[in-house]
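>>> no letters, just coordinates:
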């Protein structure tokens, strides 16, 4: 397994984190869940971008979304 796959899998897990944090932020009225959302969202997008640099876009996106779901 290459580094791109490892990063992509971690990014998929972070997608679930930021989705949960977004709900917990209650419209960005709560600080900690809002900060968790921002950090995990950015890390997830950067990881997805890195994964797409070595893995075909369709495959990378399907894996990322599938893990996040």
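Happy to help now that I have it. Note that the coordinates shown come from a computational prediction; the quantities given were computed from them, not determined experimentally.
>>> how about the strands in the protein?
In the chain, no strands are defined using DSSP state E.
>>> where does it have low pLDDT?
In the predicted model of the chain, no residue satisfies pLDDT under 70.
>>> which parts of it are helices?
3-24, 31-54, 57-68 (DSSP state H).
>>> make a markdown table out of the ones you listed and add mean neighbour count.
Bear in mind the C-beta positions are built from the backbone N, C-alpha and C, glycine included. Converted to a markdown table, these look like this (neighbours: other Cβ atoms under 10 Å):
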| stretch | mean neighbour count |
| --- | --- |
| helix 3-24 | 17 |
| helix 31-54 | 16 |
| helix 57-68 | 15 |
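>>> for the chain, identify the residue most remote from the centre.
residue 29 (21.9 Å; Cα atoms, centre = their mean).
>>> look up phi and psi at that one.
Reported as degrees, to the nearest 10, the phi and psi values for residue 29 are phi -90, psi -20.
>>> residue 64 and residue 48 touch, don't they?
Yes. With contacts counted by Cβ atoms under 8 Å, residue 64 reaches residue 48, the gap being 5.3 Å.
>>> which neighbours do those two share?
Residues touching both residue 64 and residue 48 by Cβ atoms under 8 Å, 6 or more residues apart in numbering: 8, 11.
>>> residues contacting the residue farthest from the centre of the chain?
Residue 29 neighbours (Cβ under 8 Å, 6+ apart): none.
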